[in-house]
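J.: Need coordinates for the following:
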Amino acid sequence: MKRTVIFFALALFTMSTWAQAPQRELSAADKIQQDQYNAFMAGMGDIVPRMMELNEIYYKTNNRDSVNALMQPLRDAYLKRQNDYMKKHPSTPLAAYFLRIELGHMPLDKLKEAYNKLDETAKQTTVAKEIAAEIATLDRVNPGNPAPDFTANDLLTGKPFSLSSLKGKVVLLDFWASWCVPCRKSNPHVKALFDKYNKKGFDVVYVASDDSNPKAALKAIEQDGIKKYHHLLSGLKQLKDANGKPMGYDKSEDIGEKYAVHFLPTKYLIDREGNIIGKVEDVTLDAKLKEIFGF
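T.: Residues are numbered from 1 along each chain as shown. Below you'll find the predicted structure:
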């Protein structure tokens with residue numbers, strides 16, 4: 001899946017399986033990046049293989065705390081080397097790759113600052129172009145800007161639904177998934193807020209990253225008692241080759257892509273005029289709604 005709650009907390013597996021990805025013609029800049037990556041990984045010793053081994057064990061054991069304890073020093077060592085590299089070589093193609101990994105955690109101003117340090121070769125890499133697109137998206141979803149509109153079929157009714165149809169209401173746009181444990185734990189809280197403020201003009205739109213298994217989303221909606229909301233699938237489509245092997249994603253209709261969503265849950269609060277108030281978490285959401293509605 002594109003959006004997950006990751007124990008490993010790094011996009012390292014994407015990097016370490018680079019050679020296993022579907023073959024494509026690399027640009028000159030991407031070739032330089034790959035060479036720099038190979039040199040960097042050659043200096044890592046057994047850190048990465050050990051991390052991958054522990055990650056597999058983590059999902060097979062009930063004693064995850066002990067595995068996490070073993071993983072933490074390895075994670076710290078990897079991150080230190082990555083951060084040291086970026087400090088010493090901030091303009092290189094490999095720095096662009098590391099920046100792409102971290103962008104979901106970085107404030108927009110820091111992301112722009114790091115991107116602007118990249119040299120022209122680095123900016124021609126595939127990942128740097130993705131970073132530039134991410135910056136443009138984040139600029140669009142800054143507080144005060146109009147919330148990007150979208151239209152998709154409601155999971156429960158099958159009828160087309162547009163975000164703009166809720167103009168005049170305060171809207172919580174919640175990106176979640178049936179398999180996301182923190183998302184499911186948040187559902188009772190959102191449900192209580194909906195019941196408290198709905199008659200005053202508060203509505204909720206859930207966008208599920210369950211495109212490969214809509215039935216799982218429907219089951220979770222039923223189990224969690226949240227049928228009162230508007231429910232959509234994100235629209236992220238996995239591409240496969242002639243042999244059925246996954247080969248990337250089609251993001252052209254992905255609602256999450258419009259809102260730079262990389263982690264679940266991600267929640268946006270939108271005002272009555274259809275403008276973004278900002279990203280919220282459960283704690284800040286309570287305070288914002290109390291401020292808006294006065295109770």
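J.: who's residue 151 bridged to?
T.: In this structure, residue 151 bridges to residue 162 when assessed by DSSP bridges.
J.: tell me the contacts of it?
T.: Going by C-beta atoms under 8 Å, 6 or more residues apart in numbering, residue 151 touches 160-163. In this view, the C-beta of every residue, glycine as well, is placed from N, C-alpha and C.
J.: now the residue nearest the centre of the chain, nearest residue through space, not along the chain?
T.: Geometric centre of the chain, nearest residue: residue 262, 0.7 Å, by C-alpha atoms, centre = their mean. In space, and not counting its chain neighbours, residue 262 is closest to residue 104: 3.7 Å by C-beta to C-beta, 6 or more residues apart in numbering.
J.: what about that neighbour, which SS state?
T.: Recorded secondary structure, residue 104: helix (DSSP: H, G, I helix; E, B strand; the rest coil).
J.: Go ahead and confirm it touches residue 264.
T.: No. Judged on C-beta atoms under 8 Å, residue 104 makes no contact with residue 264 at a distance of 11.2 Å.
J.: In terms of neighbours, single out the busier of the two.
T.: Each of residue 104 and residue 264 has its neighbours counted (other C-beta atoms under 10 Å); residue 264 has more, 24 against 15.
J.: correct me, but the more buried one touches residue 210?
T.: No. Assessed by C-beta under 8 Å, residue 264 is found out of contact with residue 210, at 10.7 Å.
J.: list residues touching both of those two?
T.: Residues touching both residue 264 and residue 210 (C-beta under 8 Å, 6+ apart): residue 177.
J.: Count the residues that sit near residue 208.
T.: Look at residue 208: counted by other C-beta under 10 Å, it has 27 neighbours.
J.: Spit out the contact partners of it.
T.: 155, 176-178, 214, 217, 231-234.
J.: nearest to residue 122, of the residues you listed?
T.: Distance to residue 122 across those (C-beta to C-beta) is lowest for residue 234, with 30.3 Å.
J.: Now that closest one. Its backbone dihedrals?
T.: Main-chain dihedrals, residue 234, degrees, to the nearest 10: phi -60, psi -40.
J.: Identify the residues contacting it.
T.: Applying C-beta under 8 Å, 6+ apart, the residues near residue 234 are 175, 207-211, 254-256.
J.: gap between it and residue 222?
T.: In this view, residue 234 and residue 222 are 19 Å apart by C-beta to C-beta, to the nearest Å.
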